[in-house]
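S.K.: Turn this into a model:
(3 chains)
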Amino acid sequence: MTKPANPPVVVSGCHPAPAGSASPPPQVTPTTAMIRTMGLVSAICGLIIVGAYQSTYDAVAANKRIATERAVFKVIPAAKSIVEYLALPAGGIEPRVGAGDTPIAPGAVKFFAAYDERGQLAGIAAEGAAKGYADTVRIMFGYSPSCQCVVGIGVVAMRETPGIGDKIITDKDFLANFKALDAKLSADLATLANEVKTVKHGTKANPWQIDAIAGATITSRAVGKAINDSAQALLPRLVPNLDKLASKS
Amino acid sequence: MNPATTKTWDEFMEGVWRQNPVFVMVLGMCPTLAVTVSAVNALSMGLATLFVLVCSCGLVSMMRKIVPKEVRIAIYIVIIATFVTVVDYAIQAISLALYDALGAFIQLIVVNCIILGRAEAHAAKNPPLPAMVNATGMGIGFVIGLFALGAVREILGAGSLFGVSLFGPDFQPWVIMVLPPGGFFVLGGWLLLFSWIERRKQRRLTEATQNA
Amino acid sequence: MHETAFQIFVNALLANNFVLAMFLGLCPFLGVSGRLDTAFPMGVATTFVMLVASLCAYGLNLLLGYFHLEFLRLISYIVIIASSVQLVEMVLKKYSPVLFRALGIYLPLITTNCAVLGVALFQTAREYDFVQSVTFSVGGGLGFTLALVLMASVRERLQLSNVPDLAQGTALSLMLAGILSLSFMGFAGLGG
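M.R.: Model prediction:
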């Protein structure tokens, strides 16, 4: 058995030779034959794709619903069921019809009304996102109408440095910020009375400030900004309509 | 073993070991490095690729007689993209968490060089059964490669394997291993190891022939 | 959340460099980075194709969204990218033979480059609008070029130095890429 001294490492072999570069074909295939074959292949492939899409549709939709519910239940522990709503740009809210992939109207903000087992409003959950250290940090936060404050956060997606930035899900002192983070509206209900803001580690003085994790300030700040941006857009539209949500319809 | 089985076995082992797509041919690098931050991700990515590889090679091989030479690459790509879409939906249906972890790299299986390479080099010239055997071998070789990377990166970078902690709470994880540079380093390390083994085998062989 | 075009550009170029942080387009990165004078045209050609792919994907998204055919997205992307590359090649050949000679041989290879399909998939996943898509693809392409040029320069220098036989070839390139990637991590948080 003979073997080459070095196994050939074919990196450039990644790419197939372009179709045209083959040596002149023995006979030229008529155009109709090409089109016929391509049509046949497309038909078969189309059938396979549609079949796969149809047969997984229900399972995928169910999975997505469960994932959303789990994220909401995490930030509002008392919740037992959720209803998805849109807060419209003109003010006012409406239940979102056709959940899933249907695009939402521009400017509308999505949020979830969470109800406890008696069908009473347990809290509001909404998503927020801001640029973190490595990539966008997407979070879900729970808002309690009774204390007008943020009562919990969960991370939806992030790519922060493991062991540093990802402390935002584990660090107890950091999570303690979100037991009752003040998010009151100003008197005219147009904006938050005090901007939710992340401050340097150990300098938190007010209930609307978030004490950053030492060494992970950028990620902590992203969480604060995500909550603030989302709350500024959502709460002025939501709070005047809270009575519509009081119990599950 | 009768000759036919030997040949099939040979064809199978070629992809698994002698022509291992990750360690020997260094193909399909994008998913290899991007998703191998944990053993579970690596294994699922490997299995998804295996499925696409076997199905596409089977279909390409079945159609090899009617596909005109001029448009073959386009047809192969369409076939591969079809099966990737199927896998994409299947993973969404099985586990959304896994789908989020693998992200766009499931769809990027389409441009994985291994699959197009196999379709062009082997499946287009052989009947369905040998083509699928060969593809399975390659696919399993790819799974092994991904798993080797993912396991090392998870053990060193998080101190665990399949999410089970190995060294207890006092272990300080080598965070760099689960970050992008770690992918390059671990794969480089594996390649060094393989070339060292190959080199040693070579030397033994020459010594043996000189003694004889 | 709204990212400004500048943030997207800086992130795609440096902090989330396509090759060194997201592992897209590694085949040409390892295959064509041996010499500086091939690495640069390859990078430019890829940037160009990424821009075209991004524009096509944006248009295609509108079309698929209109007909509610999102499940055909992947297959249409790959077909559109492959044919637009062919088209670009033909147009270049006819109207700019000089440019064609410089970039032409790389164009067919780029069809199967992960970075090109990646740019289309990522801009869809992040729901970028038109301007954002364009900056993302240009930034990503320039980032790819930057990584390729850096790698090629280092490898050219390495040819003069004494490397153990065992580490020659791809293993060495990977280690180099790891070190480059490590240094690019320093850019993280830049586009905050």
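
S.K.: So residue A:96 is in contact with residue A:110, correct?
M.R.: Yes: between residue A:96 and residue A:110 there is a contact under C-beta atoms under 8 Å: 6.8 Å. C-beta: built from backbone N, CA, C; applies to glycine.

S.K.: Just the helices from chain A, written as ranges.
M.R.: With helices called from DSSP state H, chain A shows them at A:31-75, A:172-176, A:217-238, A:242-245.

S.K.: my bad, chain C
M.R.: C:5-10, C:26-31, C:36-67, C:73-95, C:97-103, C:107-110, C:114-125, C:130-158, C:170-184.

S.K.: out of the helices of chain A, nearest to residue C:152?
M.R.: helix A:217-238 (32.7 Å; C-beta to C-beta).

S.K.: elements contacting that closest one?
M.R.: strand A:81-87, strand A:109-115, strand A:121-131, strand A:136-144, strand A:149-157, strand A:197-199, strand A:209-211 (3 or more C-beta pairs under 8 Å, 6 or more residues apart in numbering or on different chains; DSSP states H and E).

S.K.: so which of the ones you listed comes closest to residue C:18?
M.R.: When those are ranked by proximity to residue C:18 (C-beta to C-beta), strand A:136-144 comes first, at 16.8 Å.

S.K.: quick revisit: the helices of chain A: lowest mean pLDDT?
M.R.: With a mean of 76, helix A:242-245 has the lowest mean pLDDT of the helices of chain A.

S.K.: and residue B:24, backbone torsions?
M.R.: phi -100, psi -50 (degrees, to the nearest 10).

S.K.: That one reaches residue B:18, doesn't it?
M.R.: Yes: with contact defined as C-beta under 8 Å, residue B:24 counts as touching residue B:18 (7.0 Å).

S.K.: So these two - more neighbours on which side?
M.R.: residue B:24 (21 against 13; other C-beta atoms under 10 Å in any protein chain shown).

S.K.: how close does the more buried one get to residue C:73?
M.R.: Note on residue B:24: its distance to residue C:73, by C-beta to C-beta, to the nearest Å, is 34 Å.

S.K.: got the CA positions of the helix or strand bottoming out on mean pLDDT in chain B in CSV?
M.R.: Of all helical and strand segments in chain B, the minimum by mean pLDDT, DSSP states H and E falls on helix B:3-13, at a mean of 75. In CSV, the C-alpha atoms belonging to helix B:3-13 read as follows (Å, rounded to 0.1, in the frame of the first residue of the first chain):
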residue,chain,number,x,y,z
PRO,B,3,-16.0,-8.9,-2.8
ALA,B,4,-19.2,-6.9,-3.3
THR,B,5,-19.5,-6.3,0.5
THR,B,6,-15.9,-5.4,0.7
LYS,B,7,-16.3,-2.8,-2.0
THR,B,8,-19.3,-1.3,-0.4
TRP,B,9,-17.6,-1.2,3.0
ASP,B,10,-14.5,0.4,1.3
GLU,B,11,-16.7,3.0,-0.2
PHE,B,12,-18.3,3.7,3.1
MET,B,13,-15.0,3.9,5.1
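
S.K.: Tell me how far the very next helix or strand once past it lies from the chain's centre.
M.R.: Next in sequence after helix B:3-13, counting helices and strands by DSSP states H and E, comes helix B:29-34. When distances are taken as C-alpha atoms, centre = their mean, to the nearest Å, helix B:29-34 is centred 10 Å away from the chain's centroid.

S.K.: Counting by contacts, list what helix B:29-34 packs against.
M.R.: Helix B:29-34 packs on helix B:128-158, helix B:180-211, helix C:26-31, going by 3+ C-beta pairs under 8 Å, 6+ apart.

S.K.: Show me what the last one is packed against.
M.R.: With contacts defined as 3+ C-beta pairs under 8 Å, 6+ apart, the secondary structure elements packing on helix C:26-31 are helix B:29-34, helix C:130-158, helix C:170-184.

S.K.: model confidence over it, on average?
M.R.: 79.

S.K.: do the second one as well
M.R.: Per-residue pLDDT values over helix B:180-211 give a mean of 87.

S.K.: between it and helix C:170-184, how many degrees?
M.R.: Computed by axes from the mean of the first three to the mean of the last three C-alpha atoms, to 10 degrees, the angle separating helix B:180-211 from helix C:170-184 equals 160 degrees.

S.K.: Can you give me the buried ones in helix B:180-211?
M.R.: By 16 or more other C-beta atoms under 10 Å in any protein chain shown, the buried positions in helix B:180-211 come out as B:180-192, B:194-195, B:198.

S.K.: Next one: it, is it in contact with chain C?
M.R.: Yes: residues of helix B:180-211 contacting chain C under C-beta under 8 Å from any C-beta of the partner chain: B:180-185, B:187-189, B:191-192, B:195-196, B:199.

S.K.: Is any residue of that helix near chain A?
M.R.: Yes: contact between helix B:180-211 and chain A, assessed by C-beta under 8 Å from any C-beta, occurs at B:195, B:198, B:201, B:202, B:205.

S.K.: which of these lies closest to chain C?
M.R.: Relative to chain C, the closest of the residues of helix B:180-211 next to chain A is residue B:195; by C-beta to the nearest C-beta it sits at 5.7 Å.

S.K.: Could you verify my assumption that that closest one touches residue C:166?
M.R.: Yes: Residue B:195 lies in contact with residue C:166 (C-beta under 8 Å); the separation is 5.7 Å.

S.K.: quick one: buried residues of stretch C:53-60?
M.R.: C:53, C:54, C:55, C:56, C:57, C:58, C:60.

S.K.: In space, what's closest to residue 48 - neighbours in sequence excluded?
M.R.: This is for chain A. residue B:82 (5.2 Å; C-beta to C-beta, 6 or more residues apart in numbering or on different chains).

S.K.: that's the other chain; I wanted chain B
M.R.: residue B:87 (4.8 Å).

S.K.: ok, now which ones touch that neighbour?
M.R.: Shown in contact with residue B:87 (C-beta atoms under 8 Å, 6 or more residues apart in numbering or on different chains): B:48, B:51, B:52, B:106, B:109.

S.K.: SS state for the nearest residue to residue A:40 once chain neighbours are set aside?
M.R.: Closest residue to residue A:40 apart from its sequence neighbours, by C-beta to C-beta, 6+ apart: residue B:66 at 7.7 Å. Recorded secondary structure, residue B:66: coil (DSSP: H, G, I helix; E, B strand; the rest coil).

S.K.: Quick one: the helices of chain A as a markdown table, columns for mean neighbour count and distance to residue C:185 too.
M.R.: Output for those, formatted as a markdown table (neighbours: other C-beta atoms under 10 Å in any protein chain shown; distance: least, C-beta to C-beta, whole Å):
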| stretch | mean neighbour count | distance to residue C:185 |
| --- | --- | --- |
| helix A:31-75 | 15 | 29 |
| helix A:172-176 | 13 | 23 |
| helix A:217-238 | 23 | 14 |
| helix A:242-245 | 14 | 45 |
